[in-house]
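*Asks:* Structure here, sequence nowhere to be found:
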């Protein structure tokens, strides 16, 4: 079995919910001004993508927008299902 190289000091691992030892590794490489996104399976790197540091804010904006849309959609589904109710009340002190 191949042993993966350790992540740089700044990085992270995200496990795929499908299992099978699938993971996304994100590692910053300040010396090269890139962020490397790599796909792993069974501790073997299956592919990498180098994202220039100046493009990271665009990726973050995209992820944030997707998360906001997902939140609104989930809230709307919960409201239609009657799961959410307005429990806030205003009271005059």
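*Replies:* Okay, I see it. Please read all numbers here as calculations on a predicted model, not as lab measurements. Numbering: from 1, shown residues only.
*Asks:* Do a quick rundown of the helices in this structure.
*Replies:* 56-80 (DSSP state H).
*Asks:* Now do the strands in it.
*Replies:* Per DSSP state E, the chain carries strands over the ranges 11-15, 22-29, 34-41, 44-52.
*Asks:* got JSON lines for those strands, with mean pLDDT, mean neighbour count and distance to residue 60 too?
*Replies:* (Glycine included, C-beta is placed from N, CA and C.) Output for the strands of the chain, formatted as JSON lines (pLDDT from 0 to 100; neighbours: other C-beta atoms under 10 Å; distance: least, C-beta to C-beta, whole Å):
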{"stretch": "strand 11-15", "mean pLDDT": "91", "mean neighbour count": "12", "distance to residue 60": "14"}
{"stretch": "strand 22-29", "mean pLDDT": "93", "mean neighbour count": "16", "distance to residue 60": "12"}
{"stretch": "strand 34-41", "mean pLDDT": "95", "mean neighbour count": "17", "distance to residue 60": "11"}
{"stretch": "strand 44-52", "mean pLDDT": "95", "mean neighbour count": "12", "distance to residue 60": "11"}
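*Asks:* pLDDT wise, what is the spatially closest residue to residue 33 that is not a sequence neighbour at?
*Replies:* Distances taken as C-beta to C-beta, 6 or more residues apart in numbering put residue 53 closest to residue 33, at 4.7 Å, once the chain neighbours are dropped. Listed pLDDT for residue 53 reads 96.
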